[in-house]
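Peer 1: Okay, sequence plus prediction incoming.
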Number of protein chains: 4
Amino acid sequence: MTMQPGRVVAVVGPGDDASAEVCALARQVGLLLAARGAVVITGGLGGVMSAAAHGARDGGGLVIGLLPGADRSAGNEHLTVTIPTGLGQARNAVIVRAADGLVAVGGSWGTLSEVALARRTGTPVVWLRGWQVRDAGDRVVAVPVAESPEDAVARLAAALHW
Amino acid sequence: MTMQPGRVVAVVGPGDDASAEVCALARQVGLLLAARGAVVITGGLGGVMSAAAHGARDGGGLVIGLLPGADRSAGNEHLTVTIPTGLGQARNAVIVRAADGLVAVGGSWGTLSEVALARRTGTPVVWLRGWQVRDAGDRVVAVPVAESPEDAVARLAAALHW
Amino acid sequence: MTMQPGRVVAVVGPGDDASAEVCALARQVGLLLAARGAVVITGGLGGVMSAAAHGARDGGGLVIGLLPGADRSAGNEHLTVTIPTGLGQARNAVIVRAADGLVAVGGSWGTLSEVALARRTGTPVVWLRGWQVRDAGDRVVAVPVAESPEDAVARLAAALHW
Amino acid sequence: MTMQPGRVVAVVGPGDDASAEVCALARQVGLLLAARGAVVITGGLGGVMSAAAHGARDGGGLVIGLLPGADRSAGNEHLTVTIPTGLGQARNAVIVRAADGLVAVGGSWGTLSEVALARRTGTPVVWLRGWQVRDAGDRVVAVPVAESPEDAVARLAAALHW
């Protein structure tokens, strides 16, 4: 695989209440993305956001954290650049807009809002240990599911022709 | 029931691809909310957004449309005030933040993003003809379900002590 | 002059540190705009924002307050609808985008940011008791100046072909 | 002077209509900031935004571009990371919020909106070849003025205790 500069991938997922297992997966996702040359964007806080940043830094990558609040010190220690947006939850839409694609790891309402916006705007997304969505007729509304960090990155790369 | 000025309720749902049945339900929700004295907020476009505005105007109410784009003329004909935000999908977060509570009618990815943000921020929400969300363990992640427009408004009013 | 429904005019100016004179002018601007049939938008807080809303309500008009924060109770008592945006100072750009035109009354840095955005986006604006801007060559960079509330509304109406 | 990682400085100024002189100054400002270890944030487009990014890259620095639109390809060629926000002019408020301090180079209405927001929020700012603001009593409302790129960076560093 060749590296292509400028791919920007968001890793999204639950914050401080993320499980240790989910955080370990997110760290591996961050590592794999950085190793592939992606810039990683996250929401900048704890849990999956911190673990993905940690992994991306382990992989020698660049990580941008887009915080909801106005206080830079809320950013986790692994970020290369912390951007306090002051936009509240509207920053979720900026994360989705800023990314070429998303890997979601674990489930939470905030994570679901980001996955839903990605689907709404046609931004490729894969979900690892994710939630499932069914429509009013009880049919599964497809969000591509990944089985492992390696699978998540491979699926996203394929969707991005990366 | 007494009316209490200043309740602001968002009605969210699919746009131009909403079914006729879902639009009819949304119109009834708008009517009932207006009759109860609520100000209605919507995303300002077609489908559920237009139908809810139509109903609210039928009920003598005030309807604000928060458009994603910068062009006022994209607003539907039933709005009392059209607010082109220019924020893109970040306006979904403003709709949720601006409302005391939400009634979602029908399902779409944009609608799901708003329901998820409401759950994330603790804003009461009920969903009529909605989607279902299950967590990674296949357990239903509860969004209060309404059976009819009357039920939706009654459940939301109860949640808001309204 | 004929009334034309749907004109949306923002009245912007300093908050709690506005002088009594500036607030009196803002109240008169709100009254004149409402009497002409405009919907008034403000930033929802005190000072000029409150006075303009007061005047618009005196004139039988509709006033929307777009608050920077997430707390509805920060809105002043004269608003018809309070919209807590949760966007911080980014709400200034939404006010400018939402309006067909602006009347600025008095000066402050926040007010100047709104006047500058209006000029940037080509939204008509007039300034009463305003600040003056000179370019690097010490030439006045024109913001239309109004001499009185009546003059402000007349100048804005002319710019809007209203 | 010692380098302190994590300082984030925005360089703001006119876009494609910036003069060659102003662009040359902006490039030097970018170079000096990068040499001092700052991460540079810009609005991501042409003119001063491109020149400052060019200089920062010359200096070995990291440059983030926060675009108003949703199209990544609008970003200039010198950016390390391009973030299409989709927020329109509301992204100006995010630039100001994201930065520890600002250097403005040259004048335009968009630039003035950013300088005004910086003053509004108390973010240190210096202005090189800038506009001048006078209040209603014709008194200069102070924005710190810099005489050269070196002076701009030195003044900002002093304000930031950097």
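Peer 2: Perfect, thanks for sending it.

Peer 1: hey, let's count contacts and neighbours off CA atoms from now on
Peer 2: OK.

Peer 1: Report all helices and strands that the lowest-mean-pLDDT helix or strand in chain A contacts.
Peer 2: One helix or strand of chain A scores below all others by mean pLDDT, DSSP states H and E: strand A:132-134, with a mean of 94. Applying 3 or more C-alpha pairs under 8 Å, 6 or more residues apart in numbering or on different chains; DSSP states H and E, one finds that strand A:132-134 makes contact with strand B:132-134.

Peer 1: how far out from the middle of the chain is the strand it packs on?
Peer 2: 19 Å (C-alpha atoms, centre = their mean, to the nearest Å).

Peer 1: where's the residue with the largest distance to the centre of chain A relative to chain B, distance?
Peer 2: Largest separation from the mean C-alpha position in chain A: A:G137, at 29.3 Å (C-alpha atoms, centre = their mean). Remark: distance between A:G137 and chain B (C-alpha to the nearest C-alpha, to the nearest Å) = 8 Å.

Peer 1: One more: A:A20?
Peer 2: 15 Å.

Peer 1: list the contacts for the residue of chain A found nearest chain C?
Peer 2: Scanning chain A for proximity to chain C using C-alpha to the nearest C-alpha identifies A:L87 as nearest, at 4.3 Å. Applying C-alpha atoms under 8 Å, 6 or more residues apart in numbering or on different chains, we find A:L87 in contact with A:68-69, C:86-88, C:90, D:94.

Peer 1: What does the pLDDT read for the residue farthest from the centre of chain A?
Peer 2: Model confidence at A:G137, given as pLDDT, is 90.

Peer 1: State the helix or strand in which it lies.
Peer 2: Using DSSP states H and E, A:G137 is not contained in any helix or strand.

Peer 1: One more: A:V11?
Peer 2: In the assignment (DSSP H and E), A:V11 maps to strand A:8-12.

Peer 1: residue ranges for the helices of chain A, please.
Peer 2: A:20-35, A:48-58, A:91-98, A:109-121, A:149-159 (DSSP state H).

Peer 1: how about those helices in CSV, adding mean neighbour count and distance to chain D?
Peer 2: As requested, the helices of chain A are exported to CSV (neighbours: other C-alpha atoms under 10 Å in any protein chain shown; distance: least, C-alpha to the nearest C-alpha, whole Å):
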stretch, mean neighbour count, distance to chain D
helix A:20-35, 23, 14
helix A:48-58, 28, 15
helix A:91-98, 27, 5
helix A:109-121, 24, 11
helix A:149-159, 18, 18
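
Peer 1: Reformat these as CSV; add mean pLDDT.
Peer 2: Formatted as CSV, the helices of chain A follow (pLDDT from 0 to 100):
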stretch, mean pLDDT
helix A:20-35, 98
helix A:48-58, 98
helix A:91-98, 98
helix A:109-121, 97
helix A:149-159, 97
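
Peer 1: who wins for proximity to C:V81 among these?
Peer 2: Of all those, helix A:91-98 sits nearest to C:V81, with 24.4 Å by C-alpha to C-alpha.

Peer 1: Show me what that closest one is packed against.
Peer 2: Using 3+ C-alpha pairs under 8 Å, 6+ apart: helix A:91-98 touches strand A:8-12, strand A:63-67, helix A:109-121, strand D:81-84.

Peer 1: In TSV: these, plus distance to chain B.
Peer 2: Formatted as TSV, the helices and strands packed on helix A:91-98 follow (distance: least, C-alpha to the nearest C-alpha, whole Å):
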stretch	distance to chain B
strand A:8-12	14
strand A:63-67	14
helix A:109-121	4
strand D:81-84	12
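
Peer 1: Output the ones you listed as TSV; include the columns distance to A:Q132.
Peer 2: Output for the helices and strands packed on helix A:91-98, formatted as TSV (distance: least, C-alpha to C-alpha, whole Å):
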stretch	distance to A:Q132
strand A:8-12	16
strand A:63-67	26
helix A:109-121	10
strand D:81-84	29
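
Peer 1: Ok, which of those comes nearest B:H78?
Peer 2: Closest among the helices and strands packed on helix A:91-98, once you apply C-alpha to C-alpha, is helix A:109-121, at 24.8 Å.

Peer 1: How about the residues of chain A by chain C?
Peer 2: Chain A comes close to chain C at residues A:86-88, A:90, as judged by C-alpha under 8 Å from any C-alpha of the partner chain.

Peer 1: Up against chain B, what does chain A have?
Peer 2: Within chain A, the positions adjacent to chain B are A:89-94, A:106-107, A:109-110, A:112-117, A:119-120, A:129-136, A:138 by C-alpha under 8 Å from any C-alpha.
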